[in-house]
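K.L.:
Here's my sequence, what's the structure:
(2 chains)
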Protein chains: 2
Amino acid sequence: MIFYLWKNKIYIHPMELKDLRSISIWKKEKLELNISVDCVLLTVRDKKLKVLLNMPFPEVGYFLPGGFIMTDEDADAAAIRILHQRTGLDHIYLKQFRAFSDPGRFSYPTLFRNIGWEKHLMEELHTLSERMISIGYFALVNAELIQPTGGDFQESTTWGDIEHLPELNFDHELIITEAVDALRRELYFRPVLYNLLPEKFTMPELQNLYEIILGKPLDRGSFQRKMLRWDVFERLEERRSGVAHKRPFLYRFNKEKYTTALQKGIHFAI
Amino acid sequence: MIFYLWKNKIYIHPMELKDLRSISIWKKEKLELNISVDCVLLTVRDKKLKVLLNMPFPEVGYFLPGGFIMTDEDADAAAIRILHQRTGLDHIYLKQFRAFSDPGRFSYPTLFRNIGWEKHLMEELHTLSERMISIGYFALVNAELIQPTGGDFQESTTWGDIEHLPELNFDHELIITEAVDALRRELYFRPVLYNLLPEKFTMPELQNLYEIILGKPLDRGSFQRKMLRWDVFERLEERRSGVAHKRPFLYRFNKEKYTTALQKGIHFAI
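P.N.:
Numbers count the residues shown, from 1 in each chain, chains lettered A, B, ... in the order given. Modelled structure (predicted):
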């Protein structure tokens, strides 16, 4: 949640915050103390939809990767920065989907209750910011491209199965549920799942992803017709090798065609 | 934007803010000084999609109705409160669609530059909150049900034509554009346009709304089939009178059927 400062890589380790001088650094670093970003980084592994989770310390349990928005950046920039920190990648597909603003969703006392903070320090923090509003992003990444890191703390990171999540802090389970809903809706308007595949992929591979994420089988013929009608996937002259029977054609996402399609105002209904 | 306090109806009139003591009231009233809600209240009048605009003073121009989130309420509650203030209605359909967080989107100096504020007062305000993140809502209302008010200031309010908006402050034109996009998307999943009609309506009246908002003609037979397939509109035994030729059946939105449909996980694609 709140374990990083970005500028000059000064991190706020909760333990260091026992020294209250750190709080003034926090303010000086120009972080919005009541607005954060939470990133639901999704991938498909072992035929399941999974989400990246962090556990900064065993005592505090699992969180979504997230952090403050800085005063001089917008929420998109904050999400891009946070995802870069955790994955090393720079061009992740991401989309804002909802702000979470329940006044009771977050509190510093709850966050730090298990790591031995003194009561007056927690109260001081709480005075600085009585509530935290978080802007949720979902992001898609091909799991093979990244080696997730928890940052300089060597936090423990894990891919949580959407269907069997461990216990999460605050409203992070709700944020994940809403992110998956938002992704499913997005599929009716944009062919974004290519972000989960290698550069070259077959139609059956793409269909497989849709089926995993929508949680239902799709008719093969009609799926392929719809995908190709969008005219953003370019068929290559190569075929997938190493497949026993048919050797399906490989496709590649064509960014120029996509831009053109968006300008024409295409509706990508599946 | 920022002209209201809610509790005990203490309003912050920009002119009163010349007295800096008001700023301490502002903080004491527990408003989040850097998070607001902006409401895009949409209706259809004269066969055009229109949006409610406020002009608190002629010197400051047009704004969307909006206001701070209070520390003890979530963004939905803030939007409901603000819409109630401006329309007198309590059960308006509304939906959060995006947070707007460009660090340069809002500034107190810009807001007050035209109403004679002294520089040091603007700077003091700016120190309190260097930026404002706003959570956008779109809302739908049958224009005949309301008598829009600008609150106790007798602000000037107007229905702006989406296609020919007057000049708006800050990024409010962008917020409106995104709201209309979000509404159009919502139509693929939820039959929300009944909110723009009287309790009883005909299918041609409903279709007419879809056509105005989507900006394109729809086939009558297939439109009606799709609407009825959702099984949330209940056909009454009455017909619309006063129509020359055919007397079309009247329909009513059935909330129980809608709840059942949502539980079954229906996808309301049009």
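K.L.:
Burial check on the residue in the stretch 101-250 of chain A that chain B sits nearest to, number of neighbours?
P.N.:
Nearest to chain B in the stretch 101-250 of chain A, going by C-beta to the nearest C-beta, is A:S101, at a distance of 4.1 Å. No exception for glycine: its C-beta is placed from N, CA and C like everyone else's. Neighbour count for A:S101, taken as other C-beta atoms under 10 Å in any protein chain shown: 25.
K.L.:
Hmm, it is touching B:D72, no?
P.N.:
No - applying C-beta atoms under 8 Å, one finds A:S101 not in contact with B:D72, separated by 11.3 Å.
K.L.:
any idea which strand is longest in chain A?
P.N.:
Using DSSP state E, we find that the single longest strand of chain A is strand A:31-45.
K.L.:
Who are the packing partners of the helix or strand just after it?
P.N.:
Going down the chain from strand A:31-45, the next helix or strand is strand A:48-55, by DSSP states H and E. With contacts defined as 3 or more C-beta pairs under 8 Å, 6 or more residues apart in numbering or on different chains; DSSP states H and E, the packing partners of strand A:48-55 are strand A:31-45, helix A:75-87, strand A:156-161, helix A:172-186, helix A:203-214.
K.L.:
Quick one: list the elements packing against the second one.
P.N.:
For helix A:75-87, the packing partners by 3+ C-beta pairs under 8 Å, 6+ apart come out as strand A:31-45, strand A:48-55, strand A:66-70, strand A:93-100, strand A:133-140.
K.L.:
orientation of the fourth one relative to strand B:93-100 in degrees?
P.N.:
So that's strand A:93-100. Here the directions of strand A:93-100 and strand B:93-100 differ by 120 degrees (axes from the mean of the first three to the mean of the last three C-alpha atoms, to 10 degrees).
K.L.:
Spell out which parts of chain A neighbour chain B.
P.N.:
Within chain A, the positions lying close to chain B (C-beta under 8 Å from any C-beta of the partner chain) are A:32, A:34-35, A:69, A:71-76, A:96, A:98-99, A:101-103, A:130-131, A:133, A:135, A:185, A:188-189, A:269.
K.L.:
Among these, name the buried ones.
P.N.:
Buried by 16 or more other C-beta atoms under 10 Å in any protein chain shown: A:32, A:34-35, A:69, A:71, A:73-76, A:96, A:98-99, A:101-103, A:130-131, A:133, A:135, A:185, A:189, out of these.
K.L.:
Okay, domains of chain A per the record?
P.N.:
A:7-186, A:192-263 (automatic domain parsing).
K.L.:
I figured A:V60 hits A:N169, correct?
P.N.:
Yes - between A:V60 and A:N169 there is a contact at 7.1 Å, judged by C-beta under 8 Å.
K.L.:
Compute the distance between A:N54 and A:F138, please.
P.N.:
Between A:N54 and A:F138 the computed distance is 16 Å (C-beta to C-beta, to the nearest Å).
K.L.:
how many other residues sit next to the residue nearest to A:K50 when sequence neighbours are not counted?
P.N.:
Excluding the flanking residues, the one nearest A:K50 by C-beta to C-beta, 6 or more residues apart in numbering or on different chains is A:W159, at 4.1 Å. Counted with other C-beta under 10 Å, the neighbours of A:W159 add up to 19.
K.L.:
How about A:H164?
P.N.:
A:H164: 7 neighbours (other C-beta under 10 Å).
K.L.:
what separates it from A:L49, distance-wise?
P.N.:
In terms of C-beta to C-beta, A:H164 sits 11 Å off from A:L49.
K.L.:
So for B:P217, which of the helices and strands packed on strand A:48-55 sits nearest?
P.N.:
Nearest to B:P217 among the helices and strands packed on strand A:48-55 is helix A:172-186; the distance by C-beta to C-beta comes to 25.3 Å.
K.L.:
Tell me the spacing between A:K216 and A:V44.
P.N.:
Counting by C-beta to C-beta, the gap from A:K216 to A:V44 is 15 Å.
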